[in-house]
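**Q** below: sequence and its predicted model.
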Amino acid sequence: MNIYKDITLILVTYRSEKLILKNLEVLKKFSTIIVDNSNSEKLEIIIKKYENIKLIRSSKNLGYGKANNLAVSFANTPFILIINPDIILNENSISALFEEFLKDPENIGILGPSLYDKQMNRRTNGSKSFISQLKGNKVLNKINNIPEDNICCEFLMGCCYLMRRDFFNHLKGFDESFFMYFEDCDLCDRSLQNGKYIMEIPSAKMIHLENSSSQKKIFTNSKLALIHKISCYIYLKKNLSLMYLITQLVKNFIDYFIRIFTNLVLLRFKKSYKNLLRVISIILYISSIYKIMHN
């Protein structure tokens, strides 16, 4: 088995042409499937001469999970590597992930690399699940708390996942009720529930540019903030009791309203606006109007 024949690279992009160019030397060596949610002609021009790269241009933004599921449906290799465009790929790290997976292929659900910023400062990747953190079980993001060896965890960031394709399909892929955000939390939860473990592999090092996959403006940032909070409520509804969700919605609504007016009085308009978006997200979620945003 080798990484070039047995792994398909899966990418979902949105106005990410510059980032695709950064990874092109690696992408052209693998079977690669890209779903472009921005329907970019520029991206098609960039990759059209590479027969191994399949581009699916979507006429509308399918969201992260649904677009990944679509891409995986075209894959034929035993393994898939789901990556965000803002990950800087290197073949040695892909090989390190693959070698670790082959040591216990029947029991591993998801493997991910250790993540670094552009200055090669390492950040934690593996963590507790969102539900565990709600219960007070948090992982401190400190230098002396970053593992040096392989470590099992409850959650890995969804920016880079090595998985068996058949296991991904067994899980029925990402839950498409999440347009964006929290779909990685949900996939990790379901991997654990199916008896497979999740592991961060420090010998695999990836630079994560984070939030660089598209040029964001005020309107886009506001929309993403709304989607993030709404996805959180979808996740809570799926994993906790209805009473817990209702309690959280009421508590948050009151808290955010107070913060809006407090910050207005203190002339902290950005913070006031941020909390206004949070109030709107609750209204959109309760009314289900948020589903229109996904289109």
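**A** The structure has been received and is ready for your questions.
**Q** sketch out the strands for this structure, chain order is fine.
**A** In the chain, the segments counted as strands under DSSP state E are 7-13, 31-36, 53-57, 79-83, 87-88, 108-116, 122-123, 151-153, 160-164, 197-208.
**Q** wait, residue 78 touches residue 162, no?
**A** No - contact criterion Cβ atoms under 8 Å: residue 78 and residue 162 do not qualify, at 11.1 Å. (C-beta placed from N, C-alpha, C; glycine too.)
**Q** so these two - more neighbours on which side?
**A** Neighbour totals were compared for residue 78 and residue 162, and residue 162 leads with 25 against 14 (other Cβ atoms under 10 Å).
**Q** who's in contact with the more buried one?
**A** 7, 79, 80, 81, 94, 97, 98, 101, 110, 111, 112 (Cβ atoms under 8 Å, 6 or more residues apart in numbering).
**Q** burial count for the closest residue to residue 50 other than its chain neighbours?
**A** Nearest residue to residue 50, sequence neighbours excluded (Cβ to Cβ, 6 or more residues apart in numbering): residue 28, at 4.9 Å. When neighbours are defined as other Cβ under 10 Å, residue 28 has 14 of them.
**Q** how far away is residue 28 from residue 246?
**A** 51 Å (Cβ to Cβ, to the nearest Å).
**Q** touching, residue 156 and residue 110? I think so.
**A** Yes - counting by Cβ under 8 Å, residue 156 does reach residue 110; the two are 6.0 Å apart.
**Q** which one of the two has more residues nearby?
**A** residue 110 (28 against 25).
**Q** hmm, that one is touching residue 200, no?
**A** No - checked against Cβ under 8 Å, the pair residue 110 and residue 200 is beyond contact range at 9.8 Å.
**Q** list residues touching both of those two?
**A** residue 156.
**Q** in the lowest-mean-pLDDT helix or strand in the chain, what counts as buried?
**A** In the chain, no helix or strand scores lower on mean pLDDT, DSSP states H and E than helix 290-293, which sits at a mean of 74. Buried residues in helix 290-293, defined by neighbour count with 16 or more other Cβ atoms under 10 Å: residue 290.
**Q** repeat for stretch 123-137
**A** 124, 125, 126, 127, 128, 129, 130, 131.
**Q** so of these, which ones are in helices?
**A** 130, 131 (DSSP state H).
**Q** from the buried residues of stretch 123-137, pick the one nearest residue 59.
**A** For the buried residues of stretch 123-137, the minimum distance to residue 59 (Cβ to Cβ) is 32.6 Å, reached by residue 130.
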